Structures are given as C-alpha cells and as structure tokens.
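*Asks:* Only the shape, not the letters, is given here:
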C-alpha cells in the first residue's frame, strides 16, 4: 500500500495504453507479485482493464450521491428499481471489496437485477482512494471499529440519509459486503444493531479481528488470533459465505464469525450438503432459534476461492460456479422479518 508501488503500477499501465506491449504487462505483473504478500488482495487484471459499468433497466435509476459528517465524506450510488412507484421497500447496503467500486460490485453481484425482482433499494457506498489507496474499507483501524467514529459512522449516516429521502421500511434494512467490505459490514452491523436487521458476509472477517495492518494480514492468512468484544454485541441474524480454497482470507474466519455471536451454543444446528450442476459443492449449516427463526447460516463453498459465489463475470472477484450468494442472502433476509 506504499505510494511508490502504485506509482510503478500507474507507469506500467500507461505504457500498456500507449504502446500495447507485452513488456508493460509483464512489468506491472512482476511489480505486484513482488509485493503481493504485503498488500490487500488485488485483482491483477482489474488494474489494466476498464471498470465494468452496471447495466440499468429502462425506468430504473442508479443515482450518484454523497454523504458527509465529522468523520469525512464518501460518494455512493443508490439503485432505485423500475418497480418502485412510491411504495415502501426494504433497503440493502452493499459494501464492495478492495479495488472495486459501486458499478463493479453491482455488475458482479447482480444485486440490482434481484432488486427489480424483489423490490429493494440498494445503496452502494464507495470507498475513497484518498482513505485507502486500494479502495479497501479500513476494517482494521481502531477508529473504524467504534460507534460514532470513522467509516462506520459514515456508512450508518449515509443509510439514514437514504431512509429520510425514500420510503424505506425501517425494520427491513440490511448490510452485506465482500472481503474488506464483508469485514466492514460486520463492524457496522455490530455497532448499529438498531439500524440493521441482518448482516450478510462474503469472504469477510469477525469484528475486532485486527487493530492495524500487520494484525489484519495475520488474520487474513490464519484467522483471527483474538477478537474484540463490542460494548453492545450484535444480535442480528447473519449469513456467511466463504470458499474453502480462499487463500486471501482464511476460511477459518467464516467459522469465527458465527462463533463470535455464540451461535453454535444457541439453538439447533442443521447441516446440509448440496451442489451446483457443473459447479461447486457446498455445505450449509443453519442455526435456528427456539422460535424456529434462523439465527445464522454458514455456507462453505468447496473448491471456491476469494470470489462472490454465483456472481457474474461482468464484475471482478466472482465465481459463477458456486451457489448464488446474492439470491441466498435476499432469501435469508426475508426469513428474519
């Protein structure tokens, strides 16, 4: 994440654009590989290809906006489906991963298309390169793990701003994310349980699993060695997806997410195995409360790496061979009402 490294990358990419030479590609790739162990996960191809643009159906809107508070400012995009005609609807907040942006994340997860089917607003906060050069949410900073501070306060405030501008059903507001965005979704859900009714995490990490970059890299590689305890522990239902061949964020983190909420000690666990035709097999563990409602789900996708399960190749970090995480998250959110 050092400036000289990214200066080298920009220079190499510029050579590629001007001369289309193999040498420029190889130079950029070699630079990344040399420093990859000290960097957050980066999709090598995403640095040399134009960012995908999410397609918007006719009469739908993908609105750009911004939010500011004492902790700073962030841009966002809000998807308002064509099926919206003034009626109250749920709101889903989607936090992208490193090197991504709202358009890329929307294209890869296909969440806008599902919002049309299910009548959802979808809010995509955008991380600023000024806050993190790789556009990762700063889930490992102490200030960004506190209520009323840092990026969690910006995301929560942005959510409340959208709720004030549109007829959002207050009891049906959810947050989900991928990788660094998944880790931040856990933080935001933990710190603002009165705002978010459920949390979705793909390839993320537990709350308080790191306090700085070195401990973040350790947690990503091995799983969290320790986890902080929030002053008001989150109680919302949670759905977790993780590939068991993920070499960027150790799949142990997915197990720790459920353990952190003590779900294995509460209610009944049901384990089922399944598979996608010509795709990945998976193991789904469901934890049910005494009232029969789900407390959490853990999807371990066998053979999958660091990618959104069932996602579209139109976006980065996706694997179409897995079960559809987007559909399953929306289905899970509906069951916890």
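*Replies:* Great, that's in hand. Note that the coordinates shown come from a computational prediction; the quantities given were computed from them, not determined experimentally.

*Asks:* Go ahead and list the helix or strand containing the residue nearest the centre of the chain.
*Replies:* By C-alpha atoms, centre = their mean, the chain has its centre lying nearest to residue 177, at 1.7 Å. Using DSSP states H and E, residue 177 falls within strand 168-178.

*Asks:* Name the residues that touch that strand?
*Replies:* Outside strand 168-178, the residues that touch it by C-beta atoms under 8 Å, 6 or more residues apart in numbering are 88-97, 100, 105, 109, 121, 137, 155, 159, 162-163, 182-185, 188-189, 195-204, 308, 317, 329, 333, 337. For the C-beta atoms, the positions are set from N, CA and C on the backbone; glycine is no exception.

*Asks:* Mind listing what's buried along it?
*Replies:* 168, 169, 172, 173, 174, 175, 176, 177, 178 (16 or more other C-beta atoms under 10 Å).

*Asks:* Farthest-apart pair in those residues, please.
*Replies:* The most widely separated members of the buried residues of strand 168-178, counting by C-beta to C-beta, are 169 and 178 (24.6 Å).

*Asks:* rewinding a little: angle of the helix or strand following the strand holding residue 177 against strand 168-178?
*Replies:* Using DSSP H and E, the helix or strand that follows strand 168-178 in sequence is helix 180-191. On the basis of axes from the mean of the first three to the mean of the last three C-alpha atoms, to 10 degrees, helix 180-191 is oriented at 140 degrees to strand 168-178.

*Asks:* partners of the helix or strand following helix 180-191 in the sheet?
*Replies:* Where DSSP H and E defines the elements, the next helix or strand beyond helix 180-191 is strand 198-202. Here strand 198-202 is paired, per DSSP bridges, with strand 168-178 (parallel), strand 238-243 (parallel).

*Asks:* Now strand 198-202: average pLDDT?
*Replies:* Mean pLDDT, computed over strand 198-202, is 98.

*Asks:* Can you point out the buried residues in stretch 66-74?
*Replies:* 67, 71, 74.

*Asks:* and if you look at stretch 299-316?
*Replies:* Going by neighbour count (16+ other C-beta under 10 Å), the buried part of stretch 299-316 is 299-301, 304-312, 314-316.

*Asks:* How about the contacts made by residue 205?
*Replies:* Residue 205 sits next to 139, 182, 183, 186, 219, 220, 224, 249, 253, 256, 257 when contact means C-beta under 8 Å, 6+ apart.

*Asks:* could you check the distance from it over to residue 253?
*Replies:* Here the criterion is C-beta to C-beta, to the nearest Å. By it, residue 205 lies 5 Å from residue 253.

*Asks:* Which residues are in contact with each of the two?
*Replies:* Counting by C-beta under 8 Å, 6+ apart, the common neighbours of residue 205 and residue 253 are 219, 220, 224.

*Asks:* Which of those sits closest to residue 324?
*Replies:* Using C-beta to C-beta, residue 220 is the member of those that sits closest to residue 324, with 25.1 Å.

*Asks:* That closest one contacts residue 251, doesn't it?
*Replies:* No. The pair residue 220 and residue 251 does not pass the contact test of C-beta atoms under 8 Å, sitting 11.1 Å apart.
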